[in-house]
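Q: have a look at this prediction, sequence included:
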Amino acid sequence: MLRFAITAFLTLLLTAAASGADRLNVLLVMSDDLNNDLGCYGNPVVKSPNIDRLAERGVRFDRAFCQYPLCNVSRSSMLTGMYPDQIGVRNNRAKFRDTIPDIVTLPQLFRNNGYFVARIGKIFHYGVPGQIGTNGLDDPPSWDQVVNPRGRDKDDEALVYSIDEKHHSMGGTLSWLAADGTDEEQTDGIGATACIKLIESHKDHPFFIAMGFYRPHTPYVAPKKYFRLYPVDELRSPAEPRDDLVGIPMVAWMNRPLQLDLDELRKREAIQAYHAAISFMDAQLGRILDALERLGLDDKTVVVFVSDHGYHMGQHLLWQKTTLFEHSARVPLIIAAPGFASSRGKGSKALVEMLDIYPTLADLAGLKAPKTVQGISLRPQLDDAAAPARKTALTMLTSHDRVHKPVLWPNSSGFTIRTDRFRYTEWDRGKYGAELYDHQNDPHEYVNLIFAPHMRDTVAKMKALLAERVKQATHY
C-alpha cells in the first residue's frame, strides 16, 4: 500500500511538472498612443519591421477597436474584461478597485494559476511623462514582480519642444525631442532590457510577462537616428477636404485649441517625431522578439501586441486621441500563437474589441475566465482568419476628456458602434447630435449621412443596435 501511495504521488508530481512544462507562456506587449500607421497595416512611410515580422508569425486584426480612447479607461477595461461603465472608470484618475475591489484582472488570473507574472513599464495607467519611473496607477494584486524603468528622456525633459510654449506642457500636447545617446539609455530601451532579463530568468517556468512601452506617447522622444528616417521635407500632413467638418456635430470634433491652427512645418515636424517614436519603440520590440527566438521560446509563447487606443495625426484636422472617429477608436492588434500555422501572416476583417484579449489568452492557456468577463475568445479567428466575430464593436467617450471648458454641452456622453459597413454615433442619445458614416464609400468618415433621406432605414437599424449594445455595456 505504501509503495502504491509513493508511486501515485510521484506520478502526480511528474504529471504536474509535465503539464507546467507544456503550458504556453504569454508575452503581452502594449504600446502607448499608437495608431495603425504601421507597415503591416499598409502604411507606406512608417518603418516598423519588427511589428511587421510579428504579424507574419500571427494574425493581424484589421478591425479591432478600443472601448474608450483614453489611456486609463481603455487599459482598465481591457485588463478587467469589462466595459468602462461596468467598472466605474471614465477618466485618467479613477481606480477600478474602488468600484469592483474583488475583480480578477487578466494577469491576476494567470498569477492565481501558477504562472510567474511580471510587469515592465506602462500596463495599467501612468501619467506620461510625469509618472515615468513610478508605479503610476498600478494594480499590486496583478503581479509577482514589477519594473518601473526610468531613462534619460526624463532627465532631458527641459530640452523637449512643445507647441504649448507658455506652459511647456508635454503629456497632452504635441511635443518632441530628437535625443542624444543610445536606445538603451531611453526608458523604453531600459524596459526592453529588463523584459529580456525576466524572460531569461523564468524561461523554464510558465510566465505571463507584460511589457508596456511608453512610446509613441507625447512627448515623442527617440534617438536622433530615428528622426533621420523621416526627412521633414519628404513628409506631408493629411490633405483633408476643406468642408470636412461641415455637418458633423461640434461635440464630435472640438479639440485642444493650440492644436487647431498649426502651420504646415509644425505639422510635418510633429508627424516626423511621432513616426520616429514608433520606429524606436519597434526596435525595442525587436530586441525582445530576438530574445524569445534565441531562447527557443517563440514556439512556446503567445505574443499579443496592442495599443490602448488609436490616434489622430491631422485627420479631420485633429491631433491625438479622445474622439469617436475611426482613427481614434481603431487599434493595431496582432496575436501570434503557437499551433495556428494555417492563419500565420494573414489579416482578419472580423470586428473585435480589446475586451476580447482577456478571454482569448485564458482560452489559449486552458484557463477559465471569470463570469464577469464580457469579451469573446478569438481562437476561431486564429484558426481561420476569415471567421467572423462580432456584429458590432462598441466605443464610448465623455466629451470633457477632450474639451477643457465645455460650454455648449455639460460632459456629453458619446457612444459609437462599428459594423462591417457603417459607423453610427450618438451624443447624449442624440441630444447633441448623431453621425452615420458609410465605410464602403467613405472610409475616412468625411460625410455624415445622418439626415440623408435614403439612409433613414439604416439610421433606425443602427440606432436600435447601439441602444442594445449600450444596455449590455452598462449592466452585468
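A: Sure, I can see it. Residues are numbered from 1 along each chain as shown.
Q: what's the pLDDT at the closest residue to Thr193 other than its chain neighbours?
A: Counting by Cβ to Cβ, 6 or more residues apart in numbering, Thr193 lies nearest to Glu184, which is 6.4 Å off, once chain neighbours are set aside. (C-beta placed from N, C-alpha, C; glycine too.) What the model reports for Glu184 is a pLDDT of 98.
Q: repeat that for the one 4 residues further on.
A: Asp188 carries a pLDDT value of 98.
Q: tell me the pLDDT at Gly20?
A: At Gly20, the pLDDT value in this model is 51.
Q: ugh, wrong one, Trp253
A: So Trp253 comes in at 82 (pLDDT).
Q: and the helix or strand hosting Val306, what does it pack onto?
A: Here Val306 sits within strand 301-307, counting by DSSP states H and E. Applying 3 or more Cβ pairs under 8 Å, 6 or more residues apart in numbering; DSSP states H and E, we find strand 301-307 packed against strand 25-31, helix 49-57, helix 264-294, strand 330-336, helix 357-364.
Q: in its sheet, what does that strand sit against?
A: The strands beside strand 301-307 in its sheet (DSSP bridges) come out as strand 25-31 (parallel), strand 330-336 (antiparallel).
Q: check which residues of the next helix or strand after the last one are buried.
A: By that I understand strand 330-336. Counting by DSSP H and E, the next helix or strand C-terminal to strand 330-336 is strand 346-353. Neighbour-count burial for strand 346-353 flags 346-348, 350-353 (criterion: 16 or more other Cβ atoms under 10 Å).
Q: what's the closest of those residues to Ser48?
A: Of all those, Ser48 sits closest to Gly347, with 15.1 Å by Cβ to Cβ.
Q: pretty sure that closest one is touching Arg60, no?
A: Yes. Assessed by Cβ atoms under 8 Å, Gly347 is found in contact with Arg60 at 4.5 Å.
Q: re earlier: so which of the strands paired with strand 301-307 gets nearest Lys371?
A: Checking the strands paired with strand 301-307 against Lys371 by Cβ to Cβ gives strand 25-31 as the closest, at 21.4 Å.
Q: the closest one to helix 357-364, inter-axis angle?
A: Interaxial angle, strand 25-31 versus helix 357-364 (axes from the mean of the first three to the mean of the last three Cα atoms, to 10 degrees): 160 degrees.
Q: now find how far off-centre strand 25-31 is within its chain.
A: Distance of strand 25-31 from the chain centroid (Cα atoms, centre = their mean, to the nearest Å) equals 11 Å.
Q: how about that strand as CSV, C-alpha atoms only?
A: As requested, C-alpha coordinates have been extracted for strand 25-31 and formatted as CSV (Å, rounded to 0.1, in the frame of the first residue of the first chain):
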residue,chain,number,x,y,z
ASN,A,25,3.9,31.4,-22.0
VAL,A,26,2.3,34.8,-22.6
LEU,A,27,4.1,38.0,-23.6
LEU,A,28,1.7,40.9,-23.7
VAL,A,29,3.2,44.0,-25.3
MET,A,30,1.3,47.3,-25.1
SER,A,31,2.3,50.4,-27.0
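Q: please enumerate the helices of the stretch 1-150 of the chain.
A: 2-22, 49-57, 71-80, 84-87, 106-112 (DSSP state H, counting those that start in this stretch).
Q: least confident of those helices, on average?
A: helix 2-22 (a mean of 43).
Q: now the strands paired with strand 301-307 in a markdown table, with mean neighbour count, mean pLDDT and distance to Gly191?
A: Shown next, in a markdown table, are the strands paired with strand 301-307 (neighbours: other Cβ atoms under 10 Å; pLDDT from 0 to 100; distance: least, Cβ to Cβ, whole Å):
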| stretch | mean neighbour count | mean pLDDT | distance to Gly191 |
| --- | --- | --- | --- |
| strand 25-31 | 25 | 98 | 11 |
| strand 330-336 | 25 | 98 | 19 |
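Q: could you dump these into CSV and include distance to Ile209?
A: Listed next are the strands paired with strand 301-307 as CSV, based on distance: least, Cβ to Cβ, whole Å:
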stretch, distance to Ile209
strand 25-31, 6
strand 330-336, 15
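Q: ok, Met78 - contacts?
A: Listed by Cβ atoms under 8 Å, 6 or more residues apart in numbering, the contact set of Met78 reads 66-67, 106, 306, 308, 354-355, 357-358.
Q: if we can go back for a sec, now the helices and strands packed on strand 301-307 in a markdown table, with distance to Val146?
A: Output for the helices and strands packed on strand 301-307, formatted as a markdown table (distance: least, Cβ to Cβ, whole Å):
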| stretch | distance to Val146 |
| --- | --- |
| strand 25-31 | 14 |
| helix 49-57 | 24 |
| helix 264-294 | 17 |
| strand 330-336 | 24 |
| helix 357-364 | 19 |
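Q: which among the ones you listed is found nearest to Phe96?
A: Across the helices and strands packed on strand 301-307, Phe96 has its closest neighbour in helix 357-364 (13.4 Å, Cβ to Cβ).
Q: what's the closest one packed up against?
A: Applying 3+ Cβ pairs under 8 Å, 6+ apart, one finds that helix 357-364 contacts strand 25-31, helix 71-80, helix 106-112, strand 301-307, helix 379-383.
Q: repeat that for 7 Å
A: Judged by 3 or more Cβ pairs under 7 Å, 6 or more residues apart in numbering; DSSP states H and E, the packing partners of helix 357-364 are helix 106-112, strand 301-307, helix 379-383.
Q: ok, back up a step: so which of the strands paired with strand 301-307 is nearest Pro223?
A: Closest approach to Pro223 among these (Cβ to Cβ): strand 25-31, 17.4 Å.
Q: my guess is Thr134 contacts Pro149, does it?
A: No. The pair Thr134 / Pro149 is not scored as a contact, 10.9 Å apart, by Cβ atoms under 7 Å.
Q: neighbour-wise, which of these two wins?
A: Remark: of Thr134 and Pro149, Pro149 carries more neighbours, 23 against 12, as counted by other Cβ atoms under 10 Å.
Q: which ones are touching that one?
A: Contacts of Pro149 were listed using Cβ atoms under 7 Å, 6 or more residues apart in numbering, and they are 120-121, 187, 190-191, 194.
Q: with Leu28 instead?
A: 210, 304.
Q: number of nearby residues for Asp383?
A: For Asp383, the neighbour count with other Cβ under 10 Å is 14.
Q: any idea of the pLDDT on Thr474?
A: At Thr474, pLDDT is 88.
Q: please name the nearest non-neighbouring residue to it.
A: Asp85 (4.5 Å).
Q: how near is that neighbour to Asn72?
A: Distance of Asp85 to Asn72, computed by Cβ to Cβ, to the nearest Å: 14 Å.
Q: the two: who's more crowded?
A: Asn72 (24 against 19).
Q: coming back round to it: how would you label the residue nearest to Thr193: helix, strand or coil?
A: Three-state call for Glu184 (DSSP: H, G, I helix; E, B strand; the rest coil): helix.
Q: how about the one 4 residues further on?
A: Under three-state DSSP, the three-state class of Asp188 is helix.
Q: what helix or strand is Gly247 located in?
A: Taking DSSP H and E as the definition, one finds Gly247 inside no helix or strand.
Q: which SSE is the residue found closest to it once you drop the neighbours it is linked to in the chain in?
A: Spatial nearest neighbour of Gly247, chain neighbours left out: Asn448 (4.5 Å); criterion: Cβ to Cβ, 6+ apart. Asn448 is part of no helix or strand, with elements assigned from DSSP H and E.
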